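Engineer: pasting a predicted model and its sequence here:
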Amino acid sequence: MTAANRLMIDMTNFFADAVGESGVEASEVEALSPRLEGLRERLQGWRAGKEPSFFHLPFEPEHLETVYEWGQEITAGFEQLLVLGMGGSSLGGEMLVHCLGGSEEFSDVLFIDNVDPVRIEETLEGVEWSDTMVLAISKSGNTAETLAQLLTLLPHMERAIGARAVKDHLLIITEDEGGGLAEVGRTLRAPMVPHPPVGGRYSVLSPVGLLPGYVAGVDVEGIIDGAASMAERCLSADIRENPAFWGGATQYLLAEQGKSLTVLMPYFERLNKVGSWFRQLWAESLGKLDAEGENRGLTPSRAIGATDQHSQLQLYLQGPADKQFTLFIADEMIYYGDRIPARFKDIPAVSPLAGHSVGELLAAEFMATRETLTRNGRPNRTIRMPALDAFTLGELIMLLEMETVVVAELLGVDPFDQPAVEEGKVLTREYLAQMEGQLSL
Ligand SMILES: O=P(O)(O)OC[C@H]1O[C@](O)(CO)[C@@H](O)[C@@H]1O
């Protein structure tokens with residue numbers, strides 16, 4: 001595996017030297033280092049594979065083997081992959097496909113990650129069942145939405161390809177063999193791939209995310225190499241040398257000082273789904289009660305440059321000083337896009353644009369936003385990628401996962417559970433039961 005670091009993390013504008021009193025001091029971040037000692041020890045165990053963890057996924061070659069085996073079968077036999085799943089069961093795959101997908105041999109990977117009947121109907125309208133493989137993913141196997149998605153599209157499949165062929169068009173990823181999805185799969189004799197023993201929001205580096213990615217043409221080995229390289233860097237005992245410890249501890253401190261809204265703002269639309277994936281990771285991992293029963297958490301928010309400069313930036317600059325920002329830019333951006341013709345260069349509004357590529361304009365807008373945030377005392381950091389490629393995306397995924405775990409450690413919460421979500425699931429079932437009562441009257 002290559003150890004070249006491609007992701008550059010510029011934290012300068014998180015600190016008081018750049019943004020004044022709304023920033024933090026490097027010495028304050030360093031002072032948090034002893035509180036991360038327990039995590040450092042656990043990380044060594046995770047790296048050695050002593051207990052299941054997302055951190056070890058890039059070092060488990062069997063996941064890639066499964067992805068190649070199924071990926072080749074799907075790309076050889078089908079035109080389309082339809083992925084069913086909620087939250088962590090779909091967001092990682094969607095991120096990979098959206099960021100780097102676009103294989104010419106294989107056209108479509110579609111995701112149904114809701115039970116909005118209109119959206120489902122619209123998605124299914126274009127599905128040619130004889131050319132489609134369905135991938136149903138649920139770690140627990142009992143998620144109502146995922147089961148409803150699968151069970152409602154089964155009759156469509158059966159009508160189109162015949163009941164006996166369904167098992168050749170369906171693949172299931174689930175962990176719990178006693179769960180509803182496994183039960184349905186066994187009845188239909190559909191093949192099953194085990195979900196790794198990690199939470200859905202930490203599962204992107206397993207077949208859960210990599211298989212849809214592979215099918216869309218993503219270089220999954222590059223993703224894994226990048227993630228492994230970042231994981232090794234995150235083992236450093238020196239907090240300043242450890243990107244996730246340094247980044248996570250700084251974001252924690254900023255939040256403790258009132259900046260508990262984390263805004264992710266890529267200047268690259270392909271990175272938009274990184275924001276969707278990160279929102280679940282950050283929200284479900286951090287938003288919970290600590291040991292003293294205090295409500296803790298940092299609220300994720302996402303924006304997209306340059307579009308949201310014309311929507312959110314006014315708030316960011318002069319609204320409440322409760323936010324910290326992570327901006328993303330890819331150096332290659334300046335080479336993209338047509339040059340703006342000089343034809344109307346005598347018009348004052350056109351003259352500064354003439355001759356520049358559209359990518360150069362976007363890059364200039366990024367630099368301007370970064371500077372205005374800084375001048376207005378709004379703490380911000382920049383994650384710079386030379387190019388948006390698989391290795392860099394793998395580094396980014398591992399960095400954001402590890403930063404989440406670091407912030408959780410400092411908040412004193414468990415990053416791997418989501419105890420409060422259960423209540424809503426129970427109530428949903430109760431409401432359904434009530435509706436059944438009404439309908440039977
Ligand atoms: O993979 P499963 O078990 O279907 O869960 C889907 C999602 O639902 C949650 O349990 C609750 O939102 C998430 O943590 C998870 O990613």
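Structural biologist: Arrived safely. Numbering: from 1, shown residues only.
Engineer: is any part of the lengthiest helix in the chain close to the ligand?
Structural biologist: The single longest helix within the chain, with elements called by DSSP state H, is helix 390-411. No - Helix 390-411 lies apart from the ligand when judged by C-beta under 6 Å from any ligand atom; the minimum separation is 13.3 Å. No exception for glycine: its C-beta is placed from N, CA and C like everyone else's.
Engineer: ok, then the element right after that helix?
Structural biologist: helix 421-440 (DSSP states H and E).
Engineer: can you pull the phi/psi pair for L81?
Structural biologist: phi -120, psi 130 (degrees, to the nearest 10).
Engineer: hmm, I was thinking of M8
Structural biologist: Main-chain dihedrals, M8, degrees, to the nearest 10: phi -110, psi 130.
Engineer: dig out what the nearest residue to it once chain neighbours are set aside forms beta bridges with.
Structural biologist: In this structure, M8 finds its nearest non-sequential neighbour in R384, 4.3 Å apart by C-beta to C-beta, 6 or more residues apart in numbering. For R384, the beta-bridge partners under DSSP bridges are M8, I329.
Engineer: tell me if I'm right that R384 and L327 touch.
Structural biologist: No - contact criterion C-beta atoms under 8 Å: R384 and L327 do not qualify, at 9.0 Å.
Engineer: and the two? Which one has more around it.
Structural biologist: L327 (23 against 16; other C-beta atoms under 10 Å).
Engineer: whichever strand or helix holds that one versus helix 390-411: what angle between them?
Structural biologist: Assigned by DSSP H and E, L327 falls within strand 323-330. Interaxial angle, strand 323-330 versus helix 390-411 (axes from the mean of the first three to the mean of the last three C-alpha atoms, to 10 degrees): 170 degrees.
Engineer: how about residues contacting the lowest-mean-pLDDT helix or strand in the chain?
Structural biologist: None of the helices or strands of the chain scores lower by mean pLDDT, DSSP states H and E than helix 421-440, at a mean of 80. Outside helix 421-440, the residues that touch it by C-beta atoms under 8 Å, 6 or more residues apart in numbering are A144, E284.
Engineer: buried residues of it, list them for me.
Structural biologist: Buried residues in helix 421-440, counted by 16 or more other C-beta atoms under 10 Å: none are found.
Engineer: run a quick neighbour tally on M367.
Structural biologist: M367: 13 neighbours (other C-beta under 10 Å).
Engineer: local confidence estimate at it?
Structural biologist: Per-residue pLDDT puts M367 at 97.
Engineer: find the helix or strand that it is a member of.
Structural biologist: helix 358-375.
Engineer: same check on A249?
Structural biologist: helix 243-256.
Engineer: returning to what we had before: same for the helix holding M367, what does it pack against?
Structural biologist: helix 313-318, strand 323-330, strand 380-385 (3 or more C-beta pairs under 8 Å, 6 or more residues apart in numbering; DSSP states H and E).
Engineer: give me the nearest residue to whichever residue of the stretch 151-300 of the chain sits closest to the ligand, chain neighbours excluded.
Structural biologist: For the stretch 151-300 of the chain, the residue closest to the ligand is G200, as judged by C-beta to the nearest ligand atom, at 3.0 Å. Nearest residue to G200 in three dimensions, chain neighbours excluded: G88, at 2.4 Å (C-beta to C-beta, 6+ apart).
Engineer: how close does that neighbour get to the ligand?
Structural biologist: Computed with C-beta to the nearest ligand atom, to the nearest Å, the distance linking G88 and the ligand is 3 Å.
Engineer: next: E401.
Structural biologist: When distance is defined by C-beta to the nearest ligand atom, E401 is 14 Å away from the ligand.
Engineer: who are the contact partners of that residue?
Structural biologist: F54, F55, Y202, L281.
Engineer: quick one: pLDDT of it?
Structural biologist: E401 carries a pLDDT value of 98.
Engineer: could you identify the most distant pair in the contacts of E401?
Structural biologist: F55 and L281 (13.9 Å; C-beta to C-beta).
Engineer: need the residues of the stretch 151-300 of the chain near the ligand, please.
Structural biologist: Near the ligand, when you scan the stretch 151-300 of the chain using C-beta under 6 Å from any ligand atom, you find G200, R201, E284.
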